[in-house]
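Participant: pasted the sequence and its predicted model underneath.
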Amino acid sequence: MKYFTKIGFCLLVFLAASCSRDNAPGTIEEEVSLPDFRLIGEDEGNIYQYSYDASLESGTETNLTQSLGVDPFYLTLRQVAAEVSFYSFSSDNFSLIQQNTLTGQSTLYPNFYTVSEDRSITWGTNSEDRIFLGYYSPKGSRDFGLRTLDPEDGSFTDLSLDTNIQQAYDPLYFRQRLFITYKDEAGDYKIVVFNTESGTVMVTLDYGFGIPNLLIDELGNIGILIGLGNSDFIYQVFDLETLDEINEFAFSLDEFLPPGPLQGDIFETTLYYTNFLAQPSTVPFGPAYFDFETNVNFVVDILGIVQQVEMDTGFTVALTALRYYNEAEIFLMGYADASSPADLNGGVLAISKTGQLLSRIELPFVPTYFVKP
């Protein structure tokens, strides 16, 4: 079932979603105050955008496959500001559809790149006006490069980054800076900082065997968490424009954070992250957060919450997406009804910072990505 493996919007058909509220047995009921939120979801043949209005306590959905032709089997979703980009592949060509999730404005770039024997594409991402493709060239090698492409006229430039690398990870783009994480031939983790405006490499950061996680903090600075092993981490903060170091400190956290963009956020002095449960487990991941000042790590009992939902609904829950909303102090999680995979129904779970299930919104499709506010 594809919603387990990828993250997946404008026919103006709007449906109000039903909302039910559940509280864990034996706990104090917390006041429900959901934030406005937008998400991307899918059923067996369509991609949707769903926008929830907290003041109305209801949401609207838009079928992006019917209105824009978004491929239900798209490869990758990227987000820049309020705009999401869907990359798809068909008949030896990559295509891109972009949708502003606030205004509804869309842009289509069909067949912007045709595959060749010269290189193999490992990832794609974009800025406000350019497309970036990480590739191996020649095809079959591990020589790593970057293509910068103007989708309006098809012009491009290629840049060699390194030779014979072991692995490339997802990139991170923010305000004319593209951060490219990879593991080199010797097994060292490196981050190339590419200035998308000038088309030049600003610096290559070498972290050796330290595993880097990248994020953009609430002030617009670049943050890098480096896992050193044995629960030891270093957190570095750099100015986005100059790359001057603003702050650095060490902390201990008994978690593995995979390389590349952080699956979470940092607000003030707290790290909100995706906690991957030890396998085998019926639940793959859940919310957690770590306070840098108190060194307290709080892991939500997601197993208990899933069991509660399954008991209340009578179906098997498969979790699909997660995001923390700082102003509301709420985790939102997407889920699918795994008991009826042919229908691909699902919904949203709202979970408080104290780990209580606050509410459940039922949807006629499966959420796969929460749009970053």
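Facilitator: Received it, and whenever you're ready, just let me know what you need.
Participant: and the helix of greatest length in the chain, what's buried?
Facilitator: Determined from DSSP state H, the single longest helix within the chain is helix 302-313. Of the residues in helix 302-313, Ile302, Ile305, Val306, Gln308, Val309, Thr313 count as buried by neighbour count, 16 or more other C-beta atoms under 10 Å. (C-beta placed from N, C-alpha, C; glycine too.)
Participant: can you name the next helix or strand after that helix?
Facilitator: Counting by DSSP states H and E, the next helix or strand C-terminal to helix 302-313 is strand 317-325.
Participant: now do the very next helix or strand once past that next one and helix 302-313, the angle between them.
Facilitator: Sequence-wise, the next helix or strand downstream of strand 317-325 (DSSP H and E) is strand 330-337. In terms of direction (axes from the mean of the first three to the mean of the last three C-alpha atoms, to 10 degrees), strand 330-337 departs from helix 302-313 by 60 degrees.
Participant: which helices and strands does strand 330-337 pack with?
Facilitator: Using 3 or more C-beta pairs under 8 Å, 6 or more residues apart in numbering; DSSP states H and E, the elements in contact with strand 330-337 are strand 37-42, strand 285-291, strand 317-325, strand 346-352, strand 366-370.
Participant: touching stretch 145-155 from outside, list them.
Facilitator: Counting by C-beta atoms under 8 Å, 6 or more residues apart in numbering, stretch 145-155 makes contact with 96, 109, 112-113, 119, 129-137, 156-161, 178, 180, 192, 194, 196, 199, all of which sit outside it.
Participant: quote the end-to-end distance of that stretch.
Facilitator: Distance between the two ends of stretch 145-155: 17 Å, counting by C-alpha to C-alpha, to the nearest Å.
Participant: quick one: mean pLDDT for the longest helix of the chain?
Facilitator: On average, the pLDDT along helix 302-313 is 97.
Participant: show me what it is packed against.
Facilitator: Judged by 3+ C-beta pairs under 8 Å, 6+ apart, helix 302-313 is in contact with strand 285-291, strand 317-325, strand 346-352, strand 357-363.
Participant: parallel or antiparallel, which strands does the third one pair with?
Facilitator: Sheet pairing of strand 346-352 (DSSP bridges) gives strand 330-337 (antiparallel), strand 357-363 (antiparallel).
Participant: run through the neighbouring helices and strands of the host helix or strand of Gln99.
Facilitator: Secondary structure assignment for Gln99, by DSSP H and E: strand 93-100. Secondary-structure packing of strand 93-100 (3+ C-beta pairs under 8 Å, 6+ apart): helix 64-68, strand 83-90, strand 106-114, strand 120-126.
Participant: distance to Leu363 and mean neighbour count added to the ones you listed, as CSV?
Facilitator: What follows is the helices and strands packed on strand 93-100, written out as CSV (distance: least, C-beta to C-beta, whole Å; neighbours: other C-beta atoms under 10 Å):
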stretch, distance to Leu363, mean neighbour count
helix 64-68, 15, 20
strand 83-90, 18, 20
strand 106-114, 22, 16
strand 120-126, 28, 19
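Participant: which one of the ones you listed lies nearest to Ala342?
Facilitator: helix 64-68 (17.7 Å; C-beta to C-beta).
Participant: skipping adjacent residues, who's closest to Ile222 in space?
Facilitator: Phe238 (4.9 Å; C-beta to C-beta, 6 or more residues apart in numbering).
Participant: and the pLDDT for the one you found?
Facilitator: Confidence at Phe238, expressed as pLDDT, is 98.
Participant: was I right to think it contacts Gly220?
Facilitator: No: counting by C-beta atoms under 8 Å, Phe238 does not reach Gly220; the two are 11.1 Å apart.
Participant: these two: which has the busier surroundings?
Facilitator: Neighbour count, other C-beta atoms under 10 Å: between Phe238 and Gly220, Phe238 has more, with 20 against 11.
Participant: quick one: the more buried one from Asn213, how far?
Facilitator: 14 Å (C-beta to C-beta, to the nearest Å).
Participant: name the spans of this structure whose pLDDT lies under the cut-off.
Facilitator: Within the chain, the ranges that satisfy pLDDT under 70 run 1-30, 32.
Participant: 90 instead?
Facilitator: 1-33, 117, 139, 278-282, 340-344 (pLDDT under 90).
Participant: so Glu362 sits against Leu349, correct?
Facilitator: No: using C-beta under 8 Å, Glu362 is not in contact with Leu349; the gap is 10.7 Å.
Participant: of these two, who's got more company?
Facilitator: Between Glu362 and Leu349, Leu349 has the larger neighbour count (other C-beta under 10 Å), namely 25 against 15.
Participant: which neighbouring elements make contact with the strand or helix carrying Val201?
Facilitator: Here Val201, judged by DSSP H and E, is contained in strand 200-206. Contacts defined by 3+ C-beta pairs under 8 Å, 6+ apart place strand 200-206 against strand 189-195.
Participant: the strand it packs on pairs with which strands?
Facilitator: Partners of strand 189-195 in its sheet, by DSSP bridges: strand 177-183 (antiparallel), strand 200-206 (antiparallel).
Participant: if we can go back for a sec, hmm, who's touching the strand holding Gln99?
Facilitator: 9-10, 49, 64, 68-71, 82-89, 105-115, 121, 124, 126, 131, 151.
Participant: mind running it again at 6 Å?
Facilitator: Around strand 93-100, the neighbours that count as contacts under C-beta atoms under 6 Å, 6 or more residues apart in numbering are 9, 68, 70, 82-88, 106-114.
Participant: okay then, goodbye and thanks.
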